[in-house]
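**Q** Below is the structure, and that's it, no one-letter string:
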């Protein structure tokens, strides 16, 4: 009887230990950030804790910063006798990442406008429909005009600013690698000559957890 | 039907040998389980948003995929875009450590406890659908980006011959390039090399109406093996083999260019299959070790019959060790993840043709294996072709009819 009680006590201890192990297995200590992560304000040029191999804000900032500085130093812009008029043409996205293409040229334009201090003027071609509507209202006398509305005053462009995003992707069991080449050009609208061109390149690699492979 | 998800230490209930352990484990599991319960109606457009909002977060992408496909078939393209954008954003950010994935690799959590992102054919289809929607919105270069990503998703196959061998994405990659004044010939060559028994139409820059077709029920998943640790795919026979497009008075034959079942079954082994295989071996080993220990312990006790205290203790210890080993075996979960994007089609196809701007009457008939039209699946569309831009039309054998597009 004593032996049996001793055995029972021994067995129960082990069972209790096993149960404790099971219970501890489901404690929330194994869950990362169980309460979530509060909104964290980050600079657009720093890599966040959410990252992929595609284009991200830090790439946009780095690329557009480089481009607007480079454009500003172009002799055709820096030494122009008359302020050049520039039109933005859509960026050609040849990568595997769908993007909002306008965002690149928008940022370059904004930076140039803010830093160039009148050395160039961008023409708002994407607003032509609204501008033509306004001109029509003036021509029909429905609204007042500060100048003769019948004169053609919409300006033609001296230069075209555009870009291309090209990509090269490799995916193997070792991971995914994405290389993106960002090229931007300033094209003379009269001669089609490329008066300025610059590029930036970014390569990223990543490997997902084995559970997804 | 109720969709219930319990995330706890064991990830679900299972039969554990010793009664005491069962009770204790059940108490432990019940005490710390997180329950997401979603009542399913059978209508994906109702269940999807409900499951996305209230269901387990690990199934979010699954329901986004399903809901997007269902939304496209009823012409709710904005809804499809919303879900696909969210799903693809998450899909593109899966690199690096992932706590859920790490758990799924552990012995005591099922593979299904990881965040669902789908097998490569499912991820590729998400990109294909999004590509169609981008083109619909007049963004052929972003559509091309999606088609390229679809091929990349399929590029890590066990046999290189099956890597990136979708036809439709390559064909439209080239067509987008041609329409954007580039050279799409390389993509066309790839598409032609991958298509079976068909000659693809050469690119016509004047083709302003693009039809995307899908038909037949797509692949499902099931598990085989002693512990259901081997993932397998099964596709029911498709009642539809091809389609016929009638525009005004023209008839155009539409043969399948892509077989989603083929894509699902040619990927080859996964890294996760090795992990599940190891889990299965561990489960068997601990089970066998448990049996051996219990039998050995019982034999020791029976042989000794209380005459030797040390022998009794060894016997009892072996039995307890055996029970623990059995419990560990029982808690090991090598089951493969069989969650599937279950409303995918079996076949994909397309047609590109030049049409004059203005209204056109379109009929799409889906044909059985004998080439006979299946009247219950016929779709009627009134098409308004705009001037100066492409019109993209998505037609499924599950699409609503009639439609004005």
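**A** In hand now; what should we look at? Computed from a predicted model, the values in this text were never measured in an experiment. Numbering: from 1, shown residues only, chains lettered A, B, ... in the order given.
**Q** what ranges do the helices span in the stretch 301-405 of chain B?
**A** Counting by DSSP state H, counting those that start in this stretch, the stretch 301-405 of chain B has helices at residues B:309-331.
**Q** Please identify the residue of it positioned nearest to chain A.
**A** Across the stretch 301-405 of chain B, the shortest distance to chain A (Cβ to the nearest Cβ) belongs to residue B:316, at 4.1 Å. Where C-beta positions appear, they are placed from N, C-alpha and C, glycine not excepted.
**Q** So what's the residue count around that residue?
**A** 22 (other Cβ atoms under 10 Å in any protein chain shown).
**Q** all strands of chain A, in order?
**A** When assigned using DSSP state E, the strands of chain A occupy the ranges A:85-88, A:92-94, A:121-122, A:159-172, A:175-188, A:194-206.
**Q** Nearest to chain B, out of these?
**A** strand A:194-206 (3.0 Å).
**Q** Now do that closest one against strand A:159-172, angle only.
**A** Put simply, strand A:194-206 runs at 20 degrees to strand A:159-172, going by axes from the mean of the first three to the mean of the last three Cα atoms, to 10 degrees.
**Q** Run the angle between strand A:194-206 and strand A:175-188 for me.
**A** Going by the same axes, to 10 degrees, strand A:194-206 makes 170 degrees with strand A:175-188.
**Q** wait, which of the strands of chain A is closest to residue B:107?
**A** Shortest distance between residue B:107 and these, using Cβ to Cβ, is found for strand A:175-188: 25.7 Å.
**Q** near chain B, anything from the closest one?
**A** Yes - using Cβ under 8 Å from any Cβ of the partner chain, strand A:175-188 comes into contact with chain B via A:175-176.
**Q** That strand pairs with which strands, parallel or anti?
**A** Sheet pairing of strand A:175-188 (DSSP bridges) gives strand A:159-172 (antiparallel), strand A:194-206 (antiparallel).
**Q** okay, those, which one's buried deepest?
**A** Highest mean neighbour count of the strands paired with strand A:175-188: strand A:159-172, a mean of 18 (counted as mean count of other Cβ atoms under 10 Å in any protein chain shown).
**Q** centre of the chain versus that strand, how much separation?
**A** Distance of strand A:159-172 from the chain centroid (Cα atoms, centre = their mean, to the nearest Å) equals 13 Å.
**Q** repeat for stretch A:105-118
**A** Taking Cα atoms, centre = their mean, the mean C-alpha location of stretch A:105-118 is offset from the chain mean by 17 Å.
**Q** What of stretch B:396-405?
**A** Averaging C-alpha positions (Cα atoms, centre = their mean) puts stretch B:396-405 24 Å from its chain's average.
**Q** Could you list the buried residues of it?
**A** Neighbour counts over stretch B:396-405 (16 or more other Cβ atoms under 10 Å in any protein chain shown) mark B:396-399, B:403, B:405 as buried.
**Q** could you dump the strands paired with strand A:175-188 to CSV with distance to residue B:102?
**A** Listed next are those as CSV, based on distance: least, Cβ to Cβ, whole Å:
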stretch, distance to residue B:102
strand A:159-172, 22
strand A:194-206, 16
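**Q** mind putting those in CSV, mean pLDDT included?
**A** What follows is the strands paired with strand A:175-188, written out as CSV (pLDDT from 0 to 100):
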stretch, mean pLDDT
strand A:159-172, 90
strand A:194-206, 91
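**Q** With that, I have no additional questions.
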